[in-house]
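could you look at this predicted model? Sequence included:
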Amino acid sequence: MNFSLTLVLFLFLLPSFGVVFHYGESIVFYGGIIYFLFISKWAQSYKNRTSFFNKYLIVIFITALISVLTSKNISPSYYGLINLIFIFVLLDLILRHVKAEMVYRYLLYSTLLYSTIFFLNKIGLIPLTKDSYGDNFILQIWGHSYLAELLVFPIVALLYQLISGQKVYPYRKLINYFILIFLVICLFLTHARSALITILISFTYLNITLLKSTKLKILFCTIAALSTLYVFFMLSQNTLKSTDGSRLEYWSEAYQAFINRPLFGQGPNNFFYINKIYQSKAFTNTNYAHSSILDFLSTYGLVFTGLFFTLIFSALVYQKKHSPLNFILGFAGISNSLYEASWNSLGIFCISLIFIFYDYPKLYTINKSNPKMISILKYLLLIFFLSKTLSDLAFVDKNYSLSISLDPFNTNPRLALIDQGIYLKSNSLIFGNHFYSYKRLVNNQTPQPSNLQYFNKIIDLNPKESISEYTKLSSYFYQNKDFDGLKHVLDKAFKYIDISQISLNHTIDIAKVSYSAGIDYWHNSNFDLSIDYLKKAAYFSQGWSHFQIELANAYWHTGQKDLAIKQLALECQKFPKSVFHCQQYLDTYQNNLPEPGNLNMVKEIESINPKFIY
């Protein structure tokens, strides 16, 4: 098997790895690229790198390195940079050693293979098991199959051939139509709305630029638009999907993170951190911005993103003039990445860049190039591969200290030690803002002086979802009569926790703590703080009548009788299950509400059992 064919087969194997590489996939990915890099000097090369290419790579990787060094979590950023280098090396190998025709051909072959497996699984003929990482490529997860990101390219290529009449694939027209219909059916079955939008945009562009008849342009564009809208809203009925797929939320998070650190970003591969810190809605969790530009801006920053996308857009301008097929394929790849996490799949990312940069004269020439930089790079990548692989082997063998020594950035052995209750000091440098590491560290623990900092760190890193940590800390501070700590925790919980997004089972305990503190302050004649805590109790109880009644009692006995009546007569009306009790209480006591902290009321509130709340 010749070098070009092996290289292109390797390229189209990569999308099947998904977004997250597990141990075996990382060996194939890193090892395969290093193998190709070392033997490439004996393979036929069709073009060479320009001096601009070498200088550009140096500048862009220096800016990426600064993003890593200033990252919120260095470990994932380090691997993000390494993965970017490997992808650029693979891209360079393909652009120099593989002809475009071979890429087009094997793009179709591989997509047909994956689509056939997908289709046979859909009709129940081939079973597929879910990946333990939840990162399947063909199997439909998270609302849609990631196969859709690959399907975009051959569908657009076939549309280009059928509309323009220029041959891309050497098959008869009928066969091309059959292949196109099959791929489009598979695309619909993936439930990927973003891919459908990309196909519509590409199809519209091809119609406008290639068809001569105005009537046909209008007809085809109208049919495509109506069909896409119908399928889009039909798929929106899927219970796993919201209308916008939470895109607006993710983009808002990315924008805020970019504004916070505009030049060099929060660090590559750190969107999981961005998502927790900047989310406006709880449980809209993701590791990706679902927009390539916003992802790069928020993680790598403006300097890297500006350099990278300026080159991309200048290359697209060149392709538009000299290679319409490469332009439309590159355009489809980047379009899809603007509203989908397609470029977080390294395989899809690399395929998109191939069409964008193929034969781009700023990067490649027939003149001889300077091989020194790439020679140095391949040995550095080899050292990384050996250290990473040996570290993973030591991890599998449960020799965690050796694993960390071989690769200090490998988080797996560090997390394994955390599960054993060992938190290394170097963790703070390597991944000091890694939310899940702290969650694992205090798993099944109650707060105590030795771990308070970890509970507080969890809340700082995930303020809208950490109801368990808020509850445990508030109970701890109340039991230990640390009212400054209690106020800090409850104020933060009141600010960030949206009770409409969290079950009453999870908020009732913090409501009880707030209530107990409020009654203590009442007995100590600190009425302002008492009312403040009783307000929090009513809020966290999600309108439970007992808490609202006690708040009304406090208002009444501090001379705020209008607020007391309003609490019972109006605020309670917002919670249907509390209406009867509040109205009954108001009718019974009328102008003589008792003080809060009545023994019977305290006992009733203490007896509320979250296990029996539905």
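On my side now, so go ahead.

now do the contacts for the nearest residue to residue 337 once chain neighbours are set aside.
Using CB to CB, 6 or more residues apart in numbering and skipping residues adjacent in sequence, the residue nearest residue 337 is residue 292, 3.8 Å away. Where C-beta positions appear, they are placed from N, C-alpha and C, glycine not excepted. By CB atoms under 8 Å, 6 or more residues apart in numbering, residue 292 lies in contact with 334, 337, 338, 342, 343.

could you pull up the residues touching the third one?
The one in question is residue 338. 291, 292, 293.

what do you get for the first one?
Residue 334 is in contact with 292, 312, 316, 352, 356, counting by CB under 8 Å, 6+ apart.

what are the phi and psi values at it?
With angles defined as degrees, to the nearest 10, residue 334 shows backbone torsions of phi -70, psi -30.

before we move on, back to that, I'd like the contacts of residue 338 as TSV, with secondary structure, pLDDT and distance to residue 118 appended.
Listed next are those as TSV, based on DSSP: H, G, I helix; E, B strand; the rest coil; pLDDT from 0 to 100; distance: CB to CB, whole Å:
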residue	secondary structure	pLDDT	distance to residue 118
291	coil	93	26
292	helix	95	24
293	helix	96	29
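
now do the SS call for residue 290.
Look at residue 290: counting by DSSP: H, G, I helix; E, B strand; the rest coil, its state is coil.

tell me the confidence at it?
pLDDT recorded at residue 290 is 93.

in stretch 519-533, what counts as buried?
519, 520, 521, 522, 527, 529, 530, 531, 532, 533 (16 or more other CB atoms under 10 Å).

for the contacts of residue 334, which one is nearest residue 422?
residue 292 (38.5 Å; CB to CB).

measure the closest one to residue 330 for me?
13 Å (CB to CB, to the nearest Å).

do the same with residue 398
From residue 398 to residue 330 the distance is 46 Å (CB to CB).

next one: residue 315
Taken as CB to CB, the span from residue 315 to residue 330 is 8 Å.

next, show the common contact partners of those two.
In contact with both residue 315 and residue 330: residue 356, using CB under 8 Å, 6+ apart.

circling back: can you pick out the residue with more neighbours from residue 398 and residue 330?
Set residue 398 next to residue 330 and count neighbours by other CB atoms under 10 Å: residue 330 wins out with 25 against 10.

surely residue 285 is in contact with residue 273?
No: here residue 285 lies out of contact with residue 273, judged by CB atoms under 8 Å, at a distance of 11.9 Å.

who's more crowded, those two?
Set residue 285 next to residue 273 and count neighbours by other CB under 10 Å: residue 273 wins out with 24 against 12.

quick one on the thing from earlier: and the furthest pair within the contacts of residue 334?
Maximum pairwise distance in the contacts of residue 334, criterion CB to CB, is 13.6 Å, between 292 and 316.

where in the stretch 251-400 of the chain is pLDDT low?
Low-confidence segments of the stretch 251-400 of the chain, defined by pLDDT under 70, are located at 367-375.

which residue ranges of it form strands?
Remark: strands assigned in the stretch 251-400 of the chain by DSSP state E, counting those that start in this stretch are 364-365.

need the helices for it, in chain order.
Remark: helices assigned in the stretch 251-400 of the chain by DSSP state H, counting those that start in this stretch are 271-278, 292-299, 302-322, 324-337, 346-357, 372-396, 400-406.

of the ones you listed, which is nearest residue 116?
helix 346-357 (18.4 Å).

residues in contact with that closest one?
With CB under 8 Å, 6+ apart as the test, helix 346-357 has contacts from 11-17, 29, 83, 86-87, 90-91, 94-95, 103, 107, 149-150, 153, 312, 315-316, 319, 326-327, 329-330, 333-334, 337, 342-343, 363.

what angle do helix 324-337 and it make with each other?
Helix 346-357 and helix 324-337 are oriented at 140 degrees to each other (axes from the mean of the first three to the mean of the last three CA atoms, to 10 degrees).

helix 346-357 vs helix 302-322, what angle?
Using the same axes, to 10 degrees: helix 346-357 against helix 302-322 is 50 degrees.

how much space between the residue nearest to residue 337 and residue 318?
According to CB to CB, residue 292 and residue 318 sit 20 Å apart.

contacts only, for residue 66.
Contact analysis of residue 66 by CB under 8 Å, 6+ apart lists 264, 303.

now do residue 311
Counting by CB under 8 Å, 6+ apart, residue 311 makes contact with 56, 362.

got it, and residue 319?
Contacts of residue 319 (CB under 8 Å, 6+ apart): 326, 327, 330, 355, 356, 358, 360.

can you pick out the most distant pair from those?
Farthest apart among the contacts of residue 319 by CB to CB are 327 and 360. That separation is 11.4 Å.

how far away is residue 167 from residue 160?
Residue 167 sits 10 Å away from residue 160, going by CB to CB.

can you check residue 194 too?
20 Å.

what does residue 122 give?
27 Å.

quick one: the strands in this protein?
48-49, 364-365 (DSSP state E).

just put those in a markdown table and tack on distance to residue 457 and mean neighbour count.
Formatted as a markdown table, the strands of the chain follow (distance: least, CB to CB, whole Å; neighbours: other CB atoms under 10 Å):
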| stretch | distance to residue 457 | mean neighbour count |
| --- | --- | --- |
| strand 48-49 | 46 | 19 |
| strand 364-365 | 48 | 18 |
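
let's have those strands in TSV, adding distance to residue 301.
As requested, those are exported to TSV (distance: least, CB to CB, whole Å):
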stretch	distance to residue 301
strand 48-49	26
strand 364-365	28
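
out of the helices of the stretch 251-400 of the chain, which is closest to residue 486?
Using CB to CB, the nearest of the helices of the stretch 251-400 of the chain to residue 486 is helix 271-278, at 24.0 Å.

only alpha carbons, please: show the closest one as PDB.
Only the C-alpha atoms of helix 271-278 are listed here, as PDB (Å, rounded to 0.1, in the frame of the first residue of the first chain):
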ATOM      1  CA  PHE A 271     -14.800  25.400  27.700                       C
ATOM      2  CA  PHE A 272     -16.000  23.000  30.400                       C
ATOM      3  CA  TYR A 273     -14.700  25.600  32.900                       C
ATOM      4  CA  ILE A 274     -16.300  28.500  30.900                       C
ATOM      5  CA  ASN A 275     -19.600  26.700  30.800                       C
ATOM      6  CA  LYS A 276     -19.900  26.400  34.600                       C
ATOM      7  CA  ILE A 277     -18.600  29.900  35.400                       C
ATOM      8  CA  TYR A 278     -20.600  31.900  32.900                       C
END
